[in-house]
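>>> Mind looking at a prediction? Sequence and model below.
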Amino acid sequence: MISIPPTTRDHPVWLHVGTLLDGTSTSPVHDAHVVYDAAGIRFVGRNGQTPPAASMRPGQTAPDVVAPDATLLPGLIEAHAHLFLEGGELDLDKRAAYLKQDAAGLLSSAMPRLEKLVRLGVIAVRDAGDKDGVGLALSSCARESRSRGRGRREFSGRIPGGEHAATGQPSALSLDPMPYLDSPGAAIHHRGRYGSFMGGALEDYASPADCVAARIAAGADRIKLIPTGIINFKLGAVTTEPQMTVEELRQLVAAANATGRQTFAHASGDAGIERVIESGVDSVEHGFFVRDDQLARMRDRRIAWVPTFAPVQLQVDEAVRYKWDAAIVGNLQRILDQHAASLVKAHALGVLIVAGSDAGSCGVAHGMGFLRELELMQRAGLPPLAVINAATGVSAGRLGFGENFGRIEPGALSRFILTKHPPHETVAHLRRAKTVVFDGRVYESDDTPDVTGL
Ligand SMILES: [Zn+2]
C-alpha cells in the first residue's frame, strides 16, 4: 500500500512515481511527477521533469510522496455493466428470485455496489440498460452531485421515470465515494424478441424517433439498442434473424444524435453486426462472429468495439454446474477462440477497443468481473498496456462521458490508481492491493477486498 495524504482544492499533493501509465500512450512513462488537488490534475512531468512553482503549495520544494516502485494509472472505466443485476450469483433460481424485487428493492441492492467499485479501482461505469429505472436513478444522483460540485453525494431514493417509480418513502442515502455513472435507461428492442428483461419495445411508440424521445425524457444519457438476438450455446451460433432493419437503426441513431447522445448496440452474428455498422452507431457491444472486413469498416468509421468475453467464458468455467456437455463446451470454446483472434486483428487494424464486462450477467460480478474481462483480453493476445488503455483513455476518448477522467494529464479529474504491482506486466496485478484517489480523497484496499453483493 502507498500512503498518500488527502487533499483539498487549495492544498495540492505532489507525487513522484517510478512509472506512469497515462491512459493512451503505448509505452510506460518513467520517473514521473504528478501534482493534483481535489479539483483535478495540475501538472504531469515525464522523465524527471519537476513541477513549476505555480502548481505547488507556496514554498514547497520536495514531493509529498516519493515512490520509485509505484505505478500510477487512471482509474478504470467499466463500459458495459447492468447495475440492476447481481452478477456474482451463480444459482439460476436465486437470480430469478432476485429479479422479482420491485424497482426500489433493485435500487437499494445496487447502491452498495458503487463504493466497492471505486475501492476496486473502477471510477466510472457506463450502465448498459435496465427496464426498472435503476441505472437512471443512479445516473441522476451522479448528475445532481455534479451540478452541486464535488462533495458528499446524497441521494433522495426516488426513481425517476414515472411508471416505474419506487413506492417506498424517499430515504436519504449517502454514496461516498460514488463512481461516475451514466445510463440509457431501458434498452430498445422489438416486442417478442430478445431483450425484454432490460428493455422496452419499439412498438410502444409511433416511430423510432418517438421512442428515443421518450427515453431521453426519462433521463437517458445515451441510447442502447438491441438489434440482434444472442448466441445459441447449444448450436454455437446466432440462429435468429436480426431484430431491426438498417432503416430502423438509422432512424434511432439519427434521433439520438440529434440530441447529442451516443448510441450503443448489442450485436452478435455478422448479419446483425453488418446492419449496426451501416447505421452509424457509436459502439458494437459483444460483436461475436464479427468479420475482418467489418472490423476494418469499424476502424474507418471510429465505431468502438466492446467485446465482453466474460459472460461466455463463465459458461465454459462453470460448464459442470450448468450441465453443458462436451459438444456445447466445444462450441463455446471455438466461439471464444474466434473472438480472441478477432480482438488481436482489431488491435492490429487500429479499431478502438473498449473494455466492458457485461457485469451483472450470470457469474460476472461487478468490479471483479471487469478485472476478469481485462485478464481475458490479455489472454486473447492484447499487450497488457493496450488492455489498460481500453479500460481508460481509449474508452474515455470515444464514449463521450460527462466528466474528464481516464487520462493522466493536466485538467483531468484526480481519479487514479497507485499500485506496487505493475499492471503493464500483467493486468492480473490490478486485483492486488492498491490505493485509489478519487477527487483527491484516498481509498486503500488490500489483496482481499469486500466483494459481497457484486
Ligand atoms: Zn449487456
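On my side now, so go ahead.
>>> Which one of the residues in the stretch 101-250 of the chain is closest to the ion?
Of all residues in the stretch 101-250 of the chain, Ala128 sits closest to the ion, at 4.3 Å by Cβ to the ion. Placement of C-beta: from N, CA and C, glycine included.
>>> Now do the contacts for Gln262.
Residues near Gln262 by Cβ atoms under 8 Å, 6 or more residues apart in numbering: 222-223, 256, 282-283, 399-400.
>>> Report the buried residues of stretch 73-87.
Using 16 or more other Cβ atoms under 10 Å as the test for burial, stretch 73-87 gives 73-87.
>>> ok so, going back, what about the residue of the stretch 101-250 of the chain closest to the ion, neighbour count?
Around Ala128 there are 28 other residues, counting by other Cβ atoms under 10 Å.
>>> pretty sure it contacts Ile223?
No - between Ala128 and Ile223 there is no contact under Cβ atoms under 8 Å: 11.5 Å.
>>> Need the overlap of contacts for those two.
Counting by Cβ under 8 Å, 6+ apart, the residues touching both Ala128 and Ile223 are 184, 264.
>>> Kindly list the main-chain dihedrals of the residue of the stretch 101-250 of the chain closest to the ion?
Dihedral pair for Ala128: phi -110, psi 20, per degrees, to the nearest 10.
>>> Ok, the one 4 residues further on next?
Dihedral angles phi and psi of Asp132 (degrees, to the nearest 10) take the values phi -100, psi 10.
>>> May I see the ChimeraX selection of the buried members of the contacts of Gln262?
With 16+ other Cβ under 10 Å as the criterion, this ChimeraX line picks the buried residues out of the contacts of Gln262:
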select :222,223,256,282,283,399
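>>> Looking at pLDDT only, which of the contacts of Gln262 scores worst?
Checked by pLDDT, those have Gly400 as the lowest-scoring entry (95).
>>> Find the nearest non-adjacent residue to that one, please.
Nearest non-adjacent residue to Gly400, counting by Cβ to Cβ, 6 or more residues apart in numbering: Gln262, 5.3 Å away.
>>> Geometrically speaking, which residue is the centre of this structure?
Glu78 (1.8 Å; Cα atoms, centre = their mean).
>>> And for the helix or strand where that one lies, what's in contact with it?
In this assignment (DSSP states H and E), Glu78 forms part of strand 76-81. Residues from elsewhere that reach strand 76-81 (Cβ under 8 Å, 6+ apart): 117, 121-128, 283, 285, 306, 308, 354-360, 366-367, 370, 391-392, 395-396, 399, 401, 405-406, 417, 430.
>>> switch the cut-off to 6 Å
Residues outside strand 76-81 that contact it (Cβ atoms under 6 Å, 6 or more residues apart in numbering): 121-122, 124-126, 128, 285, 306, 308, 354, 356, 358-360, 370, 391, 395, 406.
>>> Now the element after it, going C-ward?
Where DSSP H and E defines the elements, the next helix or strand beyond strand 76-81 is helix 92-98.
>>> any idea of the mean pLDDT in that following helix?
Mean pLDDT, computed over helix 92-98, is 96.
>>> buried stuff in it?
95, 98.
>>> same check, this time on stretch 341-361
For stretch 341-361, burial by neighbour count (16+ other Cβ under 10 Å) applies to 342-343, 345-347, 351-361.
>>> burial measure for the closest residue to Leu114 other than its chain neighbours, as a count.
Closest residue to Leu114 apart from its sequence neighbours, by Cβ to Cβ, 6+ apart: Met178 at 5.1 Å. Met178 is flanked by 21 other residues according to other Cβ under 10 Å.
>>> Would you agree Met178 falls within a helix?
No - applying DSSP: H, G, I helix; E, B strand; the rest coil, one finds Met178 to be coil, outside a helix.
>>> Please name the residues that touch Asp447.
Contacts of Asp447 by Cβ under 6 Å, 6+ apart are 432-433.
>>> Kindly report the same for Ala340.
Going by Cβ under 6 Å, 6+ apart, Ala340 touches Ala380.
>>> And for Val284?
Residues near Val284 by Cβ under 6 Å, 6+ apart: 267, 276, 305.
>>> do the same with Glu86
Counting by Cβ under 6 Å, 6+ apart, Glu86 touches Tyr98.
>>> Recalculate using a threshold of 10 Å.
Glu86 sits next to 94-95, 98-99, 106, 109-110, 113, 359-360, 365-366, 452-454 when contact means Cβ atoms under 10 Å, 6 or more residues apart in numbering.
>>> Name the nearest of the residues you listed relative to the ion.
Of all these, the ion sits closest to Gly360, with 7.3 Å by Cβ to the ion.
>>> can I assume that closest one is in contact with His366?
Yes - contact criterion Cβ atoms under 10 Å: Gly360 and His366 qualify, at 6.8 Å.
>>> what residues are shared contacts of those two?
In contact with both Gly360 and His366: 81-83, 85-88, 110, 113, 454, using Cβ under 10 Å, 6+ apart.
>>> so can I have CSV of the residues you listed showing distance to the ion?
Shown next, in CSV, are the shared contacts of Gly360 and His366 (distance: Cβ to the ion, whole Å):
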residue, distance to the ion
Ala81, 8
His82, 6
Leu83, 11
Leu85, 9
Glu86, 14
Gly87, 11
Gly88, 16
Ala110, 15
Arg113, 16
Leu454, 16
